[in-house]
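J.: quick one: sequence and predicted model below, then my questions.
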Amino acid sequence: MKLRGFLKNFEIFRKRFIISIFTSFLSKRMSSPNTAIIKPDPMEMTFYYGDDYNFPIHANIMKMEMTPKKLTISPNSPLQVFLKNLAKKRHELVVQLNSFLFKIQSPRAFKGTKSQIYCIMEPGETLNFRIELMKETGPGFLESDILAMANPEGIFTIFHQTTTKKDDSDTAWFGSRDSPHNTDKKSNDHIIKISVNADFEHGYSEQAMFLETDSELTKKRRQQFDVILKNEKIRVESEEKEKEKAEKEKNEKKKRHKCLVM
């Protein structure tokens, strides 16, 4: 009986792994290099594993309609953005902007270069918010975070999935067993760690940000970005060299010790 259970569990894991690789491959094949949009898979795949294991696997299907489609920010005025829930069920939504030039206006969470809005969306409900220029990074900014950014404009992320949350409180988001977001409950920044679970109906997309035209502020921010990025690359390169040196000395020491023993 134990062996049978183990084999069933192994088969579930194997199929899910294959599905995840396949959907990831499709998503990358369909992405556009010009707009950096990760498009969802065109079909929703559901698999079942017998009477005892009825676990549906949901493909990445975006059910949030965004207006405008392309996020181009003017230095003179914030951009109004609308997100409409097209799903037939309640969904939890996380909107994140990771940028050195822009931030979400009046975000629910703001740390370093990340600004977020997260909320519960009823079917047909529309969320509206604005994106504005960032005058300075938020609290808790780490210069090492710059290494993960391709440019100062940054990336806009939308994530949503069906939810069992009863309300939209911080307790429901951070302190509930039903929450898939493994964030430190003691953290004061309230930044959500996005966690995609294929067991739920969900959608995930990333989109590049654009600046209409440079201003004195954006020019200054770009210069700051370039300086930080340059310094961080030098730091990482130096640390890698020190690591290689230490590893080489360690191996040489082992060789000398081996010769003495022989």
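T.: Alright, I've got the coordinates.
J.: please make it C-alpha for all contacts and neighbour counts, starting now.
T.: Noted.
J.: ranges for the strands of the stretch 51-200 of the chain?
T.: In the stretch 51-200 of the chain, the segments counted as strands under DSSP state E, counting those that start in this stretch are 64-67, 72-73, 79-85, 91-98, 102-104, 109-111, 114-121, 126-133, 155-162.
J.: would you format those as TSV with mean neighbour count, distance to Thr171 and mean pLDDT included?
T.: What follows is the strands of the stretch 51-200 of the chain, written out as TSV (neighbours: other CA atoms under 10 Å; distance: least, CA to CA, whole Å; pLDDT from 0 to 100):
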stretch	mean neighbour count	distance to Thr171	mean pLDDT
strand 64-67	17	25	94
strand 72-73	19	34	97
strand 79-85	18	23	97
strand 91-98	23	14	94
strand 102-104	27	23	97
strand 109-111	20	14	92
strand 114-121	22	13	94
strand 126-133	17	21	97
strand 155-162	23	18	93
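J.: can you lay out the ones you listed as TSV showing distance to Glu201?
T.: Below are those laid out as TSV (distance: least, CA to CA, whole Å):
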stretch	distance to Glu201
strand 64-67	12
strand 72-73	29
strand 79-85	13
strand 91-98	9
strand 102-104	26
strand 109-111	25
strand 114-121	14
strand 126-133	19
strand 155-162	5
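J.: Gly140 is nearest to which of the ones you listed?
T.: Gly140 sits nearest to strand 109-111 of all the strands of the stretch 51-200 of the chain, at 5.7 Å, using CA to CA.
J.: show me the helices in the protein, by range?
T.: 2-30, 170-174, 216-261 (DSSP state H).
J.: which stretch in these has the least confidence?
T.: Comparing mean pLDDT across the helices of the chain, the weakest is helix 2-30, with a mean of 50.
J.: my guess is Leu142 meets Gly112, correct?
T.: Yes - Leu142 lies in contact with Gly112 (CA atoms under 8 Å); the separation is 6.8 Å.
J.: which one's more surrounded, those two?
T.: Per other CA atoms under 10 Å, whichever of Leu142 and Gly112 has more neighbours is Gly112, with 18 against 12.
J.: now do Phe100: how many residues are near it, please.
T.: Look at Phe100: counted by other CA under 10 Å, it has 26 neighbours.
J.: any idea what sits nearest it, other than its immediate chain neighbours?
T.: Leaving out its chain neighbours, the residue that sits closest to Phe100 by CA to CA, 6 or more residues apart in numbering is Pro152, at 4.8 Å.
J.: ok, that neighbour to Lys70 distance?
T.: 17 Å (CA to CA, to the nearest Å).
J.: who has more neighbours out of those two?
T.: Pro152 (22 against 14).
J.: how close does Ala198 get to Lys84?
T.: Taking CA to CA, one finds Ala198 at 22 Å from Lys84.
J.: correction: Phe225
T.: Using CA to CA, Phe225 is found at 34 Å from Lys84.
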